[in-house]
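> sequence-free structure coming up:
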Ligand code: DQA
């Protein structure tokens, strides 16, 4: 299985950014662990702070990957364009969040993208990504 981990804005600062919410591990460190947890899968990682680059990446992988674990970060709450990109492709996309967005500010309770995703995982720290990969694996087995 080929899975893309796609991170949105400010997630390049994981490890130094608001550590009480997002922890002190960088995503590069975590990604190395994730690759070890799934030795039979091909995992790739892409991060961008730019909405259009996230959309282009979703388009780019639509025929070559089996699924995407997407943390659209703040764009989750605002981006109709990312929602439309998710709806436009056939591969399964799982929405993930490190924090439990529902315990936070009201503006984080709304997701523009959830309805286009297969499901949502939030609040498990970086482990949310592993759970996202597990979910894609299950979907693939059930095909
Ligand atoms: C986030 C939650 C978003 O509200 C926030 O804008 C982020 C990260 C999370 O992973 O908890 O940047 O997606």
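Sure thing, it's come through. All figures in this text were calculated on a predicted structure; none of them were measured in a lab.

> and the longest helix along the chain, what's buried?
The longest helix of the chain (DSSP state H) is helix 127-142. If you call a residue buried by 16 or more other CB atoms under 10 Å, then helix 127-142 has these buried ones: 128-130, 132-133, 135-137, 139. For the C-beta atoms, the positions are set from N, CA and C on the backbone; glycine is no exception.

> can you name every helix or strand that that helix contacts?
Packing partners of helix 127-142 (3 or more CB pairs under 8 Å, 6 or more residues apart in numbering; DSSP states H and E): strand 2-7, helix 27-37, strand 67-71, strand 93-97, strand 119-122.

> for these, which one sits closest to residue 53?
Counting by CB to CB, residue 53 lies closest to strand 2-7 out of the helices and strands packed on helix 127-142; the figure is 10.0 Å.

> neighbouring strands - and their directions - for that closest one?
Paired strands of strand 2-7, with direction, are strand 42-47 (parallel), strand 67-71 (parallel) (DSSP bridges).
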